[in-house]
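K.L.:
quick one, fold the following:
(2 chains)
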2 protein chains.
Amino acid sequence: MQNKYRLMSPGPTPIPPEVSAAGALPIIHHRTPEFGEVFTRVNENLKRVFMTENDVFIYAASGTGAFEGVVQNLFSPGDKVLIVNNGNFGNRWVKMGRAFGLEVVELEYGWGQKADNDEVAEALANDPEITAAVCVSSETSTGTVNDIQGFAKATESVVTVVDAISGLGACELRTDEWGVDVVVAGSQKALMTPPGLGFVSVSERAWRAHEESRMPRYYFDWTAAKKAAAKTPPQTPWTPAVSVIMQLDLALRQLLDEGLENVFERHVLLGRAARAGIKGMGLRLFGPDEDMNSAVTAAWVPEGIDGKQLVRAIFREHGIQVAGGQGPMEGRIFRIGHCGYFDAYDIIATIAATELALEAQGYPVELGKGVGAAQRVFSKSGAKV
Amino acid sequence: MQNKYRLMSPGPTPIPPEVSAAGALPIIHHRTPEFGEVFTRVNENLKRVFMTENDVFIYAASGTGAFEGVVQNLFSPGDKVLIVNNGNFGNRWVKMGRAFGLEVVELEYGWGQKADNDEVAEALANDPEITAAVCVSSETSTGTVNDIQGFAKATESVVTVVDAISGLGACELRTDEWGVDVVVAGSQKALMTPPGLGFVSVSERAWRAHEESRMPRYYFDWTAAKKAAAKTPPQTPWTPAVSVIMQLDLALRQLLDEGLENVFERHVLLGRAARAGIKGMGLRLFGPDEDMNSAVTAAWVPEGIDGKQLVRAIFREHGIQVAGGQGPMEGRIFRIGHCGYFDAYDIIATIAATELALEAQGYPVELGKGVGAAQRVFSKSGAKV
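P.N.:
As a prediction, this is how the structure comes out:
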């Protein structure tokens, strides 16, 4: 029997049909009033999603590129920076920081564990040479979401940098209210847009650090981005990814029409249902069973089952693309993404397909048990699904 | 009367309907055999378009980003590099090289002038510390195309780097035959794809230079790109711009179906017709009147006419988006792009609209004179238009 294609990975994520359709619009020139109108609206709406009055810049790059921009724009070689590492992406920023000659103070936690913000505060108190602190919001590799409000409080004395690449729009992140100086995000997660755009928001304090920074930079230079954005019509310094920005324009309007607080609540509910489904079918969650883990749900592959084969079977036999584990968790966990354009029935379908795939591989599951548990979450919530 | 929208800028450029439509396809995950199949084909076809057996890497970035990757991957701070500067983009690479601490030996020519390869050879002979030489193929800001075959010959003793961002696919560039070590390109010019992808090809000699290079890098790291490309399925190290790569796949197949030599010939003819049209209506060309200037045609704005207003009028009144001048040429020249998905009637429409716009602004033109001159080029060529 044919199956529809369902992308349930934590990035890239599926995009709404209107956003898809916008991908087929004619390409327009990027230094015209016509593009300037779109670009202005996108920038204003991005600020609303970032919950900030700070500058927000858009790059033709993935989130990793936008993050490299942070390293180049905030620091000078030899600067001391604290980086929380509790997964693949925390680990990436440690490696990137070192590649650029930063002295990285690494605060390591196990994959699936959360950062301890008391330890963060202590590390900063013990070392006044540290000028900035980095933490991942939603660690895509594990599903674990760090307490960014607490992190911002613990790092008040330095420049606070948050990787919200898979978090922004899926997990509450009140940039200005919480005092986060720099937030990095990408188009292909909760912002419901194809991959290809990276974003960064820059606070007053971050601008002051930027002025002192002597790291070589050009493509990701914040000053160049600010200068181009101040032109009439507003622009990017280099050719932007016009078609993806046109798509982002529609996606942001959909998000804001739904209402940010509703978007956060929807993600909390999707995560809760995914975890209930996993537990309901008798599997073990990877990482804490917390409402704040609203972007990605990770589960242990049960004993006796080949994790890579399970992920492939869920796709090949059922059309649903979940993600396997990364790095040390390869083959040991699988991940269901729900940051972005997802609803209750995406979760229900994924739990149902996982049950069927496990049954086919000889693992004892009672069909419908996980699904029922997910359904009960939606039913109890009173939300209209 | 309504006008259709016609993008005649030298980047971004219009894209074929099939490539547009592919922009609305569902997003697929980038670490799957399904994407691997597309990615493998795209890489093979890119090599054919680059006319090289060298590695070619794809970035989520504009051409400027891919060029920053060259600076980061080839050099160490303090390295001496010769850069030809005969326009906005040559100028950009000089500034970028200096931003990264390179000692740039700048060989400057006026805007619209071509590089003198004898002087290039002489500069290298006079300074054996220079390890690499950079030249722009098609200088998008002026329409002038440098003699890259001659440049590669003159720079045989060092690593030869060519910016073919607007040139690749529009101007003959035989990477391996001519011995060009590094070629940079972008998706949004002759490759008939939306902006958002940058490319680089890397020769054996460039790899050896890379091994010595101590410039900090991460996002654009060639070694990381090579490692990811060698995986099964082949990948990029960071999330690629999936939808634009799917579009590139179709665009490259169209280019190769047309046949590279035919593509070059078509561009030569388009350029010849555009220049004939400009001269036919009594305007002066900016830059040499040469067949090799096959990507962009630049013309002086005639005296008494406001250049910015002319470009806006051609768009507002006629729906045709040509480009104004950049930097010192702002308001003084205008540019017609024909690198990419263009045919005879695009040139004819643009020449016709320019005549009408000039007439409306009180400039003495005989309607149809430029158009007739362009038509005669096509007619004489014997090409089926």
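K.L.:
for the residue in the stretch 51-200 of chain A positioned nearest to chain B, give me its contacts.
P.N.:
Chain B sits closest to residue A:196 of the stretch 51-200 of chain A, with a gap of 3.3 Å, by C-beta to the nearest C-beta. For the C-beta atoms, the positions are set from N, CA and C on the backbone; glycine is no exception. Residues near residue A:196 by C-beta atoms under 8 Å, 6 or more residues apart in numbering or on different chains: A:60-62, A:187-188, A:241, A:244, B:60, B:196, B:241-244.
K.L.:
which ones are touching residue A:59?
P.N.:
Applying C-beta under 8 Å, 6+ apart, the residues contacting residue A:59 are A:65-66, A:69, A:197-200, A:219-220, A:225, A:236, B:61.
K.L.:
now, which of these lie within strands?
P.N.:
Among those, the members falling in strands (DSSP state E) are A:197-200.
K.L.:
filter the residues you listed down to the buried ones, PyMOL style.
P.N.:
Remark: buried members of the ones in strands among the contacts of residue A:59, expressed as a PyMOL selection using 16 or more other C-beta atoms under 10 Å in any protein chain shown:
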select buried, chain A and resi 197+198+199+200
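K.L.:
between the ones in strands among the contacts of residue A:59, which sits nearest residue B:252?
P.N.:
residue A:197 (22.8 Å; C-beta to C-beta).
K.L.:
ok, now how distant is the nearest residue to the closest one once chain neighbours are set aside from residue B:137?
P.N.:
Distance criterion C-beta to C-beta, 6 or more residues apart in numbering or on different chains; nearest residue to residue A:197, sequence neighbours excluded, is residue A:187 at 3.7 Å. Separation of residue A:187 from residue B:137 (C-beta to C-beta, to the nearest Å): 31 Å.
K.L.:
these two: which is more packed in?
P.N.:
In this view residue A:187 and residue B:137 are compared by other C-beta atoms under 10 Å in any protein chain shown, and residue A:187 has more residues nearby, 32 against 28.
K.L.:
which residues touch the more buried one?
P.N.:
A:193-199, A:244, A:248.
K.L.:
quick revisit: any of the contacts of residue A:196 buried? List them.
P.N.:
Judged by 16+ other C-beta under 10 Å, buried ones among these: A:60-62, A:187-188, A:241, A:244, B:60, B:196, B:241-244.
K.L.:
strands of the stretch 1-150 of chain A, start to end?
P.N.:
Remark: strands assigned in the stretch 1-150 of chain A by DSSP state E, counting those that start in this stretch are A:6-7, A:55-60, A:80-85, A:103-108, A:130-136.
K.L.:
correct me, but residue A:100 touches residue B:218?
P.N.:
Yes. At 7.1 Å, residue A:100 and residue B:218 qualify as touching, with contact defined as C-beta atoms under 8 Å.
K.L.:
of all the residues in the biggest helix by length in chain A, which ones are buried?
P.N.:
Across chain A, the longest stretch assigned as helix under DSSP state H is helix A:260-280. Neighbour-count burial for helix A:260-280, counted by 16+ other C-beta under 10 Å, picks out A:263-280.
K.L.:
for it, packing partners?
P.N.:
For helix A:260-280, the elements it packs on are strand A:296-300, helix A:344-360, helix A:369-381, judged by 3 or more C-beta pairs under 8 Å, 6 or more residues apart in numbering or on different chains; DSSP states H and E.
K.L.:
name the surrounding residues that touch the helix or strand just after the shortest one.
P.N.:
Spelled out, that is strand A:296-300. Next in sequence after strand A:296-300, counting helices and strands by DSSP states H and E, comes helix A:307-316. Outside helix A:307-316, the residues that touch it by C-beta under 8 Å, 6+ apart are A:301, A:320-325, A:330-334, A:350, A:353-354, A:357-358, A:360-361, B:32.
K.L.:
how about a cut-off of 10 Å?
P.N.:
Identification of contacts with helix A:307-316 by C-beta atoms under 10 Å, 6 or more residues apart in numbering or on different chains yields A:3, A:5-9, A:300-302, A:305-306, A:320-325, A:329-336, A:350, A:353-354, A:356-358, A:360-361, A:363, B:29, B:32-34.
K.L.:
extract the CA atoms of that helix and return them as PDB.
P.N.:
Presented in PDB, the C-alpha positions along helix A:307-316 are these (Å, rounded to 0.1, in the frame of the first residue of the first chain):
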ATOM      1  CA  GLY A 307      18.300   1.200  15.800                       C
ATOM      2  CA  LYS A 308      19.400   2.100  12.300                       C
ATOM      3  CA  GLN A 309      17.200  -0.500  10.800                       C
ATOM      4  CA  LEU A 310      14.300   0.700  12.900                       C
ATOM      5  CA  VAL A 311      14.600   4.200  11.600                       C
ATOM      6  CA  ARG A 312      14.900   2.900   8.000                       C
ATOM      7  CA  ALA A 313      11.900   0.600   8.400                       C
ATOM      8  CA  ILE A 314       9.700   3.400   9.800                       C
ATOM      9  CA  PHE A 315      10.600   5.300   6.600                       C
ATOM     10  CA  ARG A 316      10.600   2.500   4.000                       C
END
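K.L.:
check which residues of it are buried.
P.N.:
A:307, A:310-315.
K.L.:
same list (those residues) but as CSV, adding pLDDT.
P.N.:
Below are the buried residues of helix A:307-316 laid out as CSV (pLDDT from 0 to 100):
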residue, pLDDT
A:307, 98
A:310, 98
A:311, 98
A:312, 97
A:313, 97
A:314, 98
A:315, 97
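K.L.:
nearest to chain B, of those residues?
P.N.:
Taking C-beta to the nearest C-beta as the measure, chain B lies nearest residue A:315 of the buried residues of helix A:307-316, at 7.5 Å.
K.L.:
mean confidence for stretch A:181-196?
P.N.:
For stretch A:181-196, mean pLDDT rounds to 98.
K.L.:
how far is that stretch from where the chain is centred?
P.N.:
Counting by C-alpha atoms, centre = their mean, to the nearest Å, stretch A:181-196 is centred 7 Å from the centre of its parent chain.
K.L.:
around chain B, pick out the residues from the stretch 201-350 of chain A.
P.N.:
Within the stretch 201-350 of chain A, the positions adjacent to chain B are A:215-221, A:236-247, A:311-312, A:315-316, A:321-324, A:326, A:337 by C-beta under 10 Å from any C-beta of the partner chain.
K.L.:
list buried residues within these.
P.N.:
Buried among those (16+ other C-beta under 10 Å): A:215-221, A:236-247, A:311-312, A:315, A:321-324, A:326, A:337.
K.L.:
distance of the closest residue to chain B within the stretch 1-150 of chain A from residue B:239?
P.N.:
Nearest to chain B in the stretch 1-150 of chain A, going by C-beta to the nearest C-beta, is residue A:23, at a distance of 3.3 Å. Separation of residue A:23 from residue B:239 (C-beta to C-beta): 17 Å.
K.L.:
go on, residue A:68?
P.N.:
For residue A:68, the distance to residue B:239 equals 14 Å [C-beta to C-beta].
K.L.:
common neighbours of these two, please.
P.N.:
The contact sets of residue A:68 and residue B:239 overlap at A:61-62, A:198 (C-beta under 10 Å, 6+ apart).
K.L.:
go back to these and keep what's next to chain B.
P.N.:
Applying C-beta under 10 Å from any C-beta to the shared contacts of residue A:68 and residue B:239, those adjacent to chain B are A:61-62, A:198.
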